[in-house]
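Trainee: Sequence first, predicted model second:
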Amino acid sequence: MEFFHPAIFLMKNTWLIMLKIFTSILLLFSIIITAQEDLSNKFKLGQSYEQAGQLAKAAEIYRDLTDRQPWNYQYFDALNTVFIRLKKYDESIALVEDRIEKNKNDVNLYGLLGNSYYLKGENEKAFEVWYSALEINEKSEITYRIIANQLIQNRIFEEAIEILRKGNEVARNPIGYSYEIANILSITMKYKEATKEYCNILLLEPSQLSPVRSRMMNYLDGVGAVEESIEVTESIFEESENAEIGELLSFLYMQNNQYDKALTLILKLDKSRDQNGAKIFNFAREAFDQNAYGIANEAYKYIMEIYTSSPFIPTSKIGYAKSLQAKLDEDLRKQSNIWKPFTLSDTTGQKRYFEILDAYDEIIETYKNGEIVNEALLRKGEIYYSNFQDYKKADSLFSLLTQISPLSNFSADAYFRIADIAIGNNDLKKAELQLSQIIVNVRNNPNKIAEAKFRKGKIRLWGNDFKNGVALLTEVSSQLSQDQANDAIQLSMLVNTMKFDSVNVLKYLEADFKSAQMKYAEAAKLFLELSQLENSILVSEISKIRYAELMIALDKIPEVILYLESEVNSEKESLFKDRIVYLLAECYNFGTNNKEKAISTYDKLLENYNNSIYLDKSRKKINELKIL
């Protein structure tokens, strides 16, 4: 006979009841999940129809989803968007109004409703809706931003600014609204008003100088933008004598190439704040970055003479020397060949570099080590290499830098120059070793590592090591973001024709090697022969470019113009016709100073080669020539 105990009986029944409840919950949860997955899949189907342009089918699906889940904003927004795209504005209005009935304080819905009325053409009703939304919560700054954004999307800028100004009055931090207002004013080319707004930001919050400058840069290239901005800022600075407004004014002077005015103002501001030359130093660096080497040199010299105990003295000394060097390089190149794809070393004006060499020597002797000394060694070596053609002395300076500081930020450039000198001396083993030092240093800029691999690959090809040479080129060409990728792809394609045309490929590599050794006349002769080949199209096309570039380096301008004109006028298809046209335009521009022919040739490139990489350069050159 089984023993009956009430407590045990109750426990068994309770457990069975709980099991049934749990099973029911699981079943219900499974049903809900399945239903939700069904809705999710249906929504994805609607999106697919929408992306395919089948908007009516998408609207049908979104309508069904909205009816089944009227509270789901994602489904509502998708349906309203499709209504707008279908120009079914009445349906959109009805949909949004129905949702407003259930959410009367949702400002975003009023923004959408006003948008539908505006697109329908009922502008008065649209503004009525938008302004009524502002009354829902007049103290909430987000309200003004939501409605203003709807107006901005419809390019209703004046009213958007009005609403943003109202938002500015209630905002805890009005600067955000001021930025938006200034942005709209600049978009509508109201540069004076935009500048006033930016100046007001600085008066409220001086720490905003950097973002204000960045924002203004977006429109300062507009016609009259810099001049109008200067006019307004000068007036505000005169009234306020605010230091940040003064710095902004100096910045604007620089954008307008009024560097003397900019420096005078910065000197005044730095003195008034007793910053030990900090503002002047920052100005000098900016001027140097903008290629205003003369004014940068003046600024660095001022720091060295006036602020003798300033912590900026060491970097000002190197800045002074390198800006002096850059200015001299610029002056000499204006007289000769900065435009040329290849150049011979220019020993013009050697005596003028002695002062610069003395400045670098003083830095090396004073500071003994560190990056300032490394930079001085590099720049001193560059003078001996490029301006004195004293390759032995240059090599000793570059080598000293790589020995004392192989991981310096300046060591890669030194290794490159040692490799160049070694190539000129036919010492390819030494050249390859220098490039390998750049490659193994992961701290180097990826572009420099890619360049070192590309050059090393070429050395392998010159030495007939095609397997390893092509492997290096392939590695570089796979990194499309690097500057050398296109050159690596082009050379790889050429080398891959070896099996069909080994004689001409080897001849091309011989010419390329002589070019790297700066034996331009010998290389040009070989490239000319290769350019005349009928059956080796790729070798011939690339050689045409290389021949023209080397003839330009050799100052054979009349000859190269005749050659390029013949190629441009030829009815034969050419792989690099845009490059040929660009080189011809450059020859007219700089080689013969024929302004009219230069402009017409740049124009020809713009008209006929829409995908050329020289489009932007050509536009810029045309604008520069028209100003002259």
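Mentor: Now that the structure is in, tell me what you want to look at.

Trainee: Local confidence estimate at the residue nearest to the spatial centre of the chain?
Mentor: In the chain, the C-alpha closest to the average C-alpha coordinate belongs to residue 481, at a distance of 12.3 Å (Cα atoms, centre = their mean). According to the per-residue confidence, residue 481 scores 79 in pLDDT.

Trainee: any idea how far residue 438 is from it?
Mentor: Between residue 481 and residue 438 the distance is 18 Å, computed by Cβ to Cβ, to the nearest Å. (Each C-beta comes from the backbone N, C-alpha and C, glycine too.)

Trainee: Correct me if wrong: residue 451 contacts residue 483.
Mentor: Yes: under the criterion of Cβ atoms under 8 Å, residue 451 lies in contact with residue 483, with a separation of 7.2 Å.

Trainee: Which one's more surrounded, these two?
Mentor: Remark: of residue 451 and residue 483, residue 451 carries more neighbours, 22 against 14, as counted by other Cβ atoms under 10 Å.

Trainee: Residue 158: neighbouring residues, count only.
Mentor: Residue 158, neighbours per other Cβ under 10 Å, totals 9.

Trainee: now the helices: where do they sit in the stretch 401-550 of the chain?
Mentor: Residue ranges of the helices in the stretch 401-550 of the chain, as given by DSSP state H, counting those that start in this stretch, are 411-424, 428-440, 446-462, 466-477, 485-495, 498-516, 520-531, 537-553.

Trainee: Need these in a markdown table (columns: mean pLDDT and distance to residue 367).
Mentor: Putting those into a markdown table (pLDDT from 0 to 100; distance: least, Cβ to Cβ, whole Å) gives the following:
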| stretch | mean pLDDT | distance to residue 367 |
| --- | --- | --- |
| helix 411-424 | 98 | 17 |
| helix 428-440 | 97 | 25 |
| helix 446-462 | 96 | 25 |
| helix 466-477 | 95 | 37 |
| helix 485-495 | 92 | 38 |
| helix 498-516 | 93 | 35 |
| helix 520-531 | 96 | 39 |
| helix 537-553 | 94 | 38 |
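
Trainee: Nearest to residue 162, out of these?
Mentor: Shortest separation from residue 162 across those is recorded for helix 446-462, at 48.9 Å, computed as Cβ to Cβ.

Trainee: Tabulate the helices of the stretch 401-550 of the chain (a markdown table), appending distance to residue 313.
Mentor: Converted to a markdown table, the helices of the stretch 401-550 of the chain look like this (distance: least, Cβ to Cβ, whole Å):
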| stretch | distance to residue 313 |
| --- | --- |
| helix 411-424 | 25 |
| helix 428-440 | 32 |
| helix 446-462 | 30 |
| helix 466-477 | 42 |
| helix 485-495 | 42 |
| helix 498-516 | 41 |
| helix 520-531 | 44 |
| helix 537-553 | 41 |
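
Trainee: of the ones you listed, which approaches residue 49 most closely?
Mentor: When those are compared (using Cβ to Cβ), the closest one is helix 485-495, at 40.1 Å.

Trainee: neighbouring contacts of the closest one?
Mentor: Helix 485-495 is contacted by residues 450, 454, 457-458, 461, 466, 469-470, 473-474, 476-479, 505, 508, 538-539, 542 when judged by Cβ atoms under 8 Å, 6 or more residues apart in numbering.

Trainee: mind redoing it with 6 Å?
Mentor: For helix 485-495, contacts defined as Cβ atoms under 6 Å, 6 or more residues apart in numbering pick out 454, 470, 473, 476-477, 479, 538.

Trainee: number of nearby residues for residue 183?
Mentor: Neighbour count for residue 183, taken as other Cβ under 10 Å: 17.

Trainee: Report the distance from the helix or strand harbouring residue 399 to the chain centre.
Mentor: Here residue 399 sits within helix 391-404, counting by DSSP states H and E. Distance, stretch centre to chain centre, for helix 391-404: 34 Å (Cα atoms, centre = their mean, to the nearest Å).

Trainee: Ok, stretch 431-440 next?
Mentor: Relative to the centre of its chain, stretch 431-440 is centred 29 Å away, using Cα atoms, centre = their mean.

Trainee: Mind listing what's buried along it?
Mentor: 431-432, 434-435, 437-439 (16 or more other Cβ atoms under 10 Å).

Trainee: Which of those residues sits closest to residue 72?
Mentor: Scanning the buried residues of stretch 431-440 for proximity to residue 72, where the rule is Cβ to Cβ, the winner is residue 439, at 56.4 Å.

Trainee: Skipping its backbone neighbours, what lies nearest that closest one in space?
Mentor: Residue nearest to residue 439 in three dimensions, not counting chain neighbours: residue 452, with 5.0 Å by Cβ to Cβ, 6 or more residues apart in numbering.

Trainee: got it, and residue 297?
Mentor: Nearest residue to residue 297 in three dimensions, chain neighbours excluded: residue 323, at 4.1 Å (Cβ to Cβ, 6+ apart).

Trainee: Does residue 457 touch residue 472 like I think?
Mentor: Yes: with contact defined as Cβ atoms under 6 Å, residue 457 counts as touching residue 472 (3.3 Å).

Trainee: chain center to stretch 221-238: distance?
Mentor: On the basis of Cα atoms, centre = their mean, stretch 221-238 is displaced by 26 Å from the centre of the chain it belongs to.

Trainee: Ignore what I typed, I meant stretch 613-627.
Mentor: Centroid displacement of stretch 613-627 relative to its chain, using Cα atoms, centre = their mean, is 19 Å.
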